[in-house]
Each structure stands twice: as structure tokens, then as C-alpha cells.
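Chemist: Pasting a predicted model and its sequence here:
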Protein chains: 2
Amino acid sequence: MLRPASDRPPQKEQQEAIEHIDEVQNEIDRLNEQASEEILKVEQKYNKLRQPFFQKRSELIAKIPNFWVTTFVNHPQVSALLGEEDEEALHYLTRVEVTEFEDIKSGYRIDFYFDENPYFENKILSKEFHLNESGDPSSKSTEIKWKSGKDLTKRSSQTQNKASRKRQHEEPESFFTWFTDHSDAGADELGEVIKDDIWPNPLQYYLEDEGEDD
Amino acid sequence: MLRPASDRPPQKEQQEAIEHIDEVQNEIDRLNEQASEEILKVEQKYNKLRQPFFQKRSELIAKIPNFWVTTFVNHPQVSALLGEEDEEALHYLTRVEVTEFEDIKSGYRIDFYFDENPYFENKILSKEFHLNESGDPSSKSTEIKWKSGKDLTKRSSQTQNKASRKRQHEEPESFFTWFTDHSDAGADELGEVIKDDIWPNPLQYYLEDEGEDD
């Protein structure tokens, strides 16, 4: 390499400089940690402040029939995951709640509240995402208690007509397979779309096809 | 759609609920803005606090010949951009500085300080990245004043040997084309690698091939 010997300070001086850089770096790292902690506190404070408004919003949304299924159908990424029967089942979805855990970096949970419906017994379906100490992501979900012959994740049954079988061939997955798929917890597309895109302002998607802009 | 008329509240009541949701949403948006401002203030505060340590670190790094070229060569993504002659030119790089603008979201600048060298006249090469009011990214750079026959971004000259011509065929770009490429200012790979990966801790890359860990 192009390091003429004359350019080099004595090895010792270089080694001292490296040790010194390391000390300064430790100070920088310490400040980075402090900054992260302060930012986390700000986020936690505002999460608390937003809570009563989210609560109020949920109550108002519950007054509007089919708010959530309309919102999901109007959202391009979510819509792409919805089969015809998924959509029917989602008409019973009355409430969606996103909860970021106190230590926000450690994860979040999405709860779906359903009315009594012909598809499954559960009143609430949840999926939650965690990061463990070493930063590895994982997720877990409610087990869906399907009613007989109604498991939308196994749509090979006689309940389907030709058209839906054909469509199934092209997009074999159901929205509800999301509750059993824990393969990509670190970058769960649907989870992140709901948390980061829909939850901050679901009304904009609900209103989309009503021709209202703002 | 599956909306039995009996399930629907009067149209008026629904419309009122939507208006009410809109008001609540405005409160949530207002809190989001406040949170962003507070977080920006924390980041600005720590940027100031880190400054003297970055300054000290730069002075110490300047004592170590070839610190930056070694660091770049050891970084897999940057290394991939370096031709043989780029590496020679980068032996004259004595100082790298990353400056995030006061309103951090609005952009950053990277300054490269060079010793007198056979390639170009400039003492400092800079590239800076901006977001305008509507969030559109752009970048601009110092124009490099190449010495005669030394323009590394136009390596078709007779100064190249066969091996480097061959390599040029596979990877025709020079590190220094980065200073004229403003096509992807919103996601400038090299800019972001330097700002987010190298600048926070360059020593770890410098030391990499010396077999030292920790």
C-alpha cells in the first residue's frame, strides 16, 4: 500500500491516538444512548397524551357500520390480501386497537374485536410483535377457533364457488393466514401498514371512495 | 354489500360521527406534530453536545496516516465503489466531516478534506443533501477541478493499464462520480452509509483488518 515510511509517525504515537479515539468514541456512544432514552421518553409521553383521543375515536368509529372493512378495502396494500370471503368476515369487525408497548422499541400489539359471526368463535383476534434483548423479532397470535367448515385459511371446501376457487388459485392466501404466519415478524407488512399507515388516520381511507378530498 | 338496512343508524347520525372523528383526528395530528418538534429539539441538543467530541475525534484521526482510506477500504459497501486509482487518491484524504443541518430533517453535508495531491486542485470536496418544503430531496456538490489527464471519472486515458481497463469494464464508475451524480438524492447510498454507518463509529472499520475486536 502507499504508505511511505517517512509519512508514518512512530508506531507508539499512532497506537496512543487510536486509544484516545476509542475513549472519545465511548463519550459519543454514551451521548447517543442518552439521546435515545430522552427520545423514548418523549414518545412515551405523547403515547399517553394521545390515548384518550384514540379511545374517543374508537367509540365514534363503532357507531359507523362497516367502518373497518371499508377502510381495509380502500387501502391498496390491505385490499390486495382480501379474498371475497375475508371481506364478508370483516363486516363483523367492529374495533381495531394498536398498542405500542411501554418500551416502544420492544414491540406492539394489534387487537381486532369481532361481533358474533358465522366464521369463528373468538371475540378478539390479536397479533403481537416483540423484539427480544438481542433485537431478534418474533410474533404470536390468538388461535382462531373456526366454526365447522368455515376456516378461511383452508378454502378447499365445497362452500366455495368456481369463481372463488379460480381466484384462490391466483392468490391462495386469506387475510386470516396472517394470524398463523410468524415467518417475518421483523418486517411484517400487514402489521406495519396497520400500525404506521392506517392507525394514525383511518378516516382518510374510510372516506376515500366517497369522493371527499380535503 | 353486506349492510342490512336495519343495521344502519340514520344517515345524519353517521355523518355526525364522521365529523366528530375528524375533530378528534385533528387533536391527534396536533399531538403528533408536538411530539415531532420535541424529538427534533432533543436531537438538536445532543448534536450540539456531541460536537466537541467529534471535533476531538477528527484531530486524533488526523494523526493516523491513511485512516480514512483504510476505513473506506474496510467497509464492504464503500469498498465496492473504489477503483484502484480511487484508492490512491483517497490516500490524500485527511479529514471527513458530517454536518447535520440545524433542522435535521432538512438535510446534511459531508466534507472531505484533502492534502495537496496529483489528482485535483480542490482542498475540500463537499456534497450536501436537502429536503425542500414539500419534502423533495436534492443534492449538490463541489465541482472537482481535475489536474490534466487525472479525471478519475473519465478513465479512458492512456494512464490506465490493461488490468484496470478490464476492471473498468466490469465496474465503470469511480468513487468520484458520486460528486456529479444527483439522480437519487433522497436515498443516496454512499451518503447514507457515511452518515449513518461510518460517521457514528469509524474506528470499528479502521481496526477491522488488524484482527482486533471489541
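Modeler: Sure thing, it's come through.
Chemist: And residue A:70, which helix or strand is it part of?
Modeler: If you go by DSSP states H and E, residue A:70 is part of helix A:67-74.
Chemist: just residue A:94 next, same as before
Modeler: Residue A:94 belongs to strand A:93-100, assigned by DSSP H and E.
Chemist: Please enumerate residues in contact with the helix or strand just after that strand?
Modeler: Past strand A:93-100, further along toward the C-terminus, the next helix or strand under DSSP H and E is strand A:107-114. The contact list for strand A:107-114 (Cβ atoms under 8 Å, 6 or more residues apart in numbering or on different chains) reads A:92-101, A:120, A:122-131, A:191, A:194-195. Backbone N, C-alpha and C define where each C-beta goes, glycine included.
Chemist: Keeping just the C-alphas, turn strand A:107-114 into CSV.
Modeler: Extracted in CSV, the C-alpha atoms of strand A:107-114 (Å, rounded to 0.1, in the frame of the first residue of the first chain):
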residue,chain,number,x,y,z
GLY,A,107,-43.0,-4.1,20.1
TYR,A,108,-46.7,-3.6,19.6
ARG,A,109,-50.0,-5.5,19.5
ILE,A,110,-53.0,-5.2,17.2
ASP,A,111,-56.4,-6.3,18.6
PHE,A,112,-59.3,-6.9,16.3
TYR,A,113,-62.8,-7.0,18.0
PHE,A,114,-65.5,-9.0,16.2
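Chemist: quick one, it and strand A:93-100 angle?
Modeler: Orientation check (axes from the mean of the first three to the mean of the last three Cα atoms, to 10 degrees): strand A:107-114 against strand A:93-100 gives 170 degrees.
Chemist: hmm, back to that, list buried residues within the contacts of strand A:107-114.
Modeler: Neighbour-count burial within these applies to A:92-96, A:98-100, A:120, A:122, A:125-129, A:131, A:191, A:194-195; the criterion is 16 or more other Cβ atoms under 10 Å in any protein chain shown.
Chemist: what about residue A:115, neighbour count?
Modeler: 10 (other Cβ atoms under 10 Å in any protein chain shown).
Chemist: Tell me who's in contact with residue A:188.
Modeler: Neighbouring residues of residue A:188 by Cβ under 8 Å, 6+ apart: A:129, A:139.
Chemist: Residue A:132 now?
Modeler: Per Cβ under 8 Å, 6+ apart, neighbours of residue A:132: residue A:138.
Chemist: again, only using 10 Å
Modeler: A:106-107, A:138 (Cβ atoms under 10 Å, 6 or more residues apart in numbering or on different chains).
Chemist: distance of it from residue A:66?
Modeler: 38 Å (Cβ to Cβ, to the nearest Å).
Chemist: ok, now residue A:200?
Modeler: The span separating residue A:200 from residue A:66 equals 21 Å under the rule Cβ to Cβ.
Chemist: same question for stretch A:149-156, mean pLDDT?
Modeler: Mean pLDDT, stretch A:149-156: 83.
Chemist: and what of stretch A:19-27?
Modeler: 97.
Chemist: ok, now stretch A:200-211?
Modeler: Rounded mean pLDDT across stretch A:200-211 is 84.
Chemist: ok, now stretch A:181-189?
Modeler: Rounded mean pLDDT across stretch A:181-189 is 83.
Chemist: What of stretch A:118-125?
Modeler: Mean predicted lDDT for stretch A:118-125 stands at 96.
Chemist: same question, stretch A:98-105
Modeler: Mean predicted confidence for stretch A:98-105 is 78.
Chemist: In chain A, which residue is most central in space?
Modeler: Residue closest to the average C-alpha location in chain A (Cα atoms, centre = their mean): residue A:191, at 2.3 Å.
Chemist: and the contacts of strand A:107-114 near chain B, which?
Modeler: Among these, proximity to chain B is found for residue A:92 (Cβ under 10 Å from any Cβ of the partner chain).
Chemist: before we move on, what SS does the nearest residue to the residue nearest to the centre of chain A once chain neighbours are set aside have?
Modeler: Nearest residue to residue A:191, sequence neighbours excluded (Cβ to Cβ, 6 or more residues apart in numbering or on different chains): residue A:129, at 6.0 Å. Secondary structure, DSSP: H, G, I helix; E, B strand; the rest coil: residue A:129 is strand.
Chemist: Helices of chain A, residue ranges please.
Modeler: A:11-61, A:67-74, A:76-79, A:84-90, A:162-170, A:189-192, A:202-206 (DSSP state H).
Chemist: In a markdown table: those helices, plus distance to residue A:146.
Modeler: As requested, those are arranged in a markdown table below (distance: least, Cβ to Cβ, whole Å):
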| stretch | distance to residue A:146 |
| --- | --- |
| helix A:11-61 | 26 |
| helix A:67-74 | 19 |
| helix A:76-79 | 21 |
| helix A:84-90 | 10 |
| helix A:162-170 | 17 |
| helix A:189-192 | 20 |
| helix A:202-206 | 27 |
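Chemist: and those, which one's lowest on average pLDDT?
Modeler: Among these, helix A:162-170 has the lowest mean pLDDT, at a mean of 49.
Chemist: If you rank the contacts of residue A:132 by neighbours, which is first?
Modeler: That'd be residue A:107 among the contacts of residue A:132, by other Cβ under 10 Å, with 19 neighbours.
Chemist: what about residue A:200 and residue A:66, which has more around it?
Modeler: Higher neighbour count among residue A:200 and residue A:66: residue A:66, with 19 against 14, using other Cβ under 10 Å.
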